[in-house]
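**Q** predicted model, plus sequence, below.
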Amino acid sequence: MPVADSTTTAQGDAAGFSRLITVDDPFPPAGTVASGYERQLCALLEAGNILFLPRSPIAIPAEDKELLLGRKQTSSAYHKNIAYRPAEDRVTGLDASEQKEALELRRLLSDYSRRASEFLDRFLTPYAGKWKLDYASFRPIEEKGRPARLHARNDLLHFDSFPTRPTNGARILRLFTNINPAQNRVWVTSQTFEAFGPRLARSAKLLEVGSNPMLRVVRSASRALRLPLKQRPPYDEIMHRCHNAMKEDAGFQANAQKNQWEFPPDSTWMVFTDCVSHSVLEGQYALEQTFLIPQNALVRAEVSPLAILERLAGNRLTV
Ligand SMILES: O=C(O)CCC(=O)C(=O)O
Ligand SMILES: [Fe+2]
């Protein structure tokens, strides 16, 4: 079924659920796509669909891949999940004894980060120059059976919300690349935030955060005094509570209607993970770059989690 254009196909048809939109050629020859093609791609993403690129547009040199797959080194540094902070050009997640590997991983991740950014600017032109570069990551641990605290488990359906990096309404766009030479990365998705978020927010009484008069007083006082905010903006507080409430709800996790997606070796996929309920079931070795897309860059701001929650709450949820 053509979705944005004849160069794309969609799978998964139930209303309110994320669909997988396959984009075979991210840069189709001039004249083969209608005008507004890039805006349509952004609209599909913002509505909670997955853009899947079977041939990753982000080249990773064979040498670098060998390092990342752990074939050219024995150091345990390459077997840990690593975050890369582009703004500081720094990796986190390694010990003091792993400084040599830290330098190497910093170079590998900064290359991926730069290539992902260049691709985003060319592919989703409505966002070009407006996004903010968040962290990148390397995920070398097999996801199947990976032990983690309940709220940190990624094999449970959730909408993303970063506990220590509030976005204040900006949206979380993530680009993943499966660099495993043989194994698919397997995801499950369910209803989108538009379909499921309002019910979740009401049933868990999450909106009370936004209307709490005490919070508003604290917010305006700290704005006036230019103090750093101790607590998250109401938007992030609600999203964070949604994230936790979903993971805590064993009934929902077991019974929700789901779709399973397989991302093969050397594919890339892009998702607004704040509105696509998602979990990863298996897979090892992925690279990921997160972008924050501000409200004023969105092509369909009205379906953003912020707009949905503000309509429900009846007041502003950002500071
Ligand atoms: O690693 C993945 O494939 C996705 C994990 C996830 O849900 C996350 O990092 O928020
Ligand atoms: Fe996630």
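**A** Looks like it arrived, so ask away. Numbers count the residues shown, from 1 in each chain. Ligands and ions are numbered 1, 2, ... in the order given.
**Q** need phi/psi at the nearest residue to Ser76 once chain neighbours are set aside.
**A** Closest residue in space to Ser76, ignoring its immediate chain neighbours: Glu98 at 7.8 Å, by CB to CB, 6 or more residues apart in numbering. (C-beta placed from N, C-alpha, C; glycine too.) Per-residue torsions, Glu98: phi -110, psi 40 (degrees, to the nearest 10).
**Q** just checking, Glu98 touches Ile82?
**A** No: with contact defined as CB atoms under 8 Å, Glu98 does not count as touching Ile82 (10.0 Å).
**Q** and the helix or strand Phe138 falls within, which strands flank it?
**A** Per DSSP states H and E: Phe138 is located in strand 132-139. Taking DSSP bridges as the criterion, strand 132-139 pairs within the sheet with strand 82-85 (antiparallel), strand 286-293 (antiparallel).
**Q** near ligand 1, which residues of the protein are found?
**A** 139, 154, 160, 176, 185, 273, 278, 280, 286 (CB under 6 Å from any ligand atom).
**Q** quick check: phi and psi on the fifth one?
**A** Right, Arg185. phi -100, psi 130.
**Q** now do the helices in this protein.
**A** Listed in chain order, the helices of the chain (DSSP state H) span 37-46, 62-68, 99-123, 193-203, 208-211, 213-224, 234-248, 250-255, 305-313.
**Q** point me to the residue of the stretch 1-150 of the chain nearest ligand 1.
**A** Arg139 (5.1 Å; CB to the nearest ligand atom).
**Q** neighbours around that residue, how many?
**A** By other CB atoms under 10 Å, the residues close to Arg139 number 22.
**Q** before we move on, what about Glu237?
**A** 19.
**Q** gap between it and ligand 1?
**A** Look at Glu237 and ligand 1: by CB to the nearest ligand atom, to the nearest Å, they are 18 Å apart.
**Q** contacting residues for that residue?
**A** 209, 231 (CB atoms under 8 Å, 6 or more residues apart in numbering).
**Q** could you do Phe162 as well?
**A** By CB under 8 Å, 6+ apart, the neighbours of Phe162 are Ile172.
**Q** show me the contacts for His158.
**A** 243, 246-247, 277-279.
**Q** can you list the residues of the chain next to ligand 1 in a markdown table and add pLDDT?
**A** Output for the residues of the chain next to ligand 1, formatted as a markdown table (pLDDT from 0 to 100):
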| residue | pLDDT |
| --- | --- |
| Arg139 | 97 |
| Asn154 | 97 |
| Asp160 | 98 |
| Phe176 | 98 |
| Arg185 | 98 |
| Thr273 | 98 |
| His278 | 98 |
| Val280 | 98 |
| Ala286 | 98 |
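**Q** farthest pair within the residues you listed?
**A** Spatially, the most separated pair among the residues of the chain next to ligand 1 is Asp160 and Arg185, at 16.4 Å (CB to CB).
**Q** between those two, which one's more packed in?
**A** Per other CB under 10 Å, whichever of Asp160 and Arg185 has more neighbours is Arg185, with 25 against 20.
**Q** right, and Asp236 touches Asn168 too?
**A** Yes: taking contacts as CB under 8 Å, Asp236 lies within contact range of Asn168: 6.8 Å.
**Q** what about these two, which has more around it?
**A** For Asp236 and Asn168, the more surrounded residue by other CB under 10 Å is Asp236, and the numbers stand at 22 against 17.
**Q** could you find the closest non-adjacent residue to that one?
**A** Pro166 (3.8 Å).
**Q** do you know the pLDDT at that neighbour?
**A** You'll see Pro166 listed with a pLDDT of 96.
**Q** my read: it touches Pro234, true?
**A** No: between Pro166 and Pro234 there is no contact under CB under 8 Å: 10.0 Å.
**Q** the two: who's more crowded?
**A** The neighbour count for Pro166 versus Pro234, taken as other CB under 10 Å, is higher for Pro234 (28 against 20).
**Q** of the residues of the chain next to ligand 1, closest to Glu262?
**A** Arg185 (7.6 Å).
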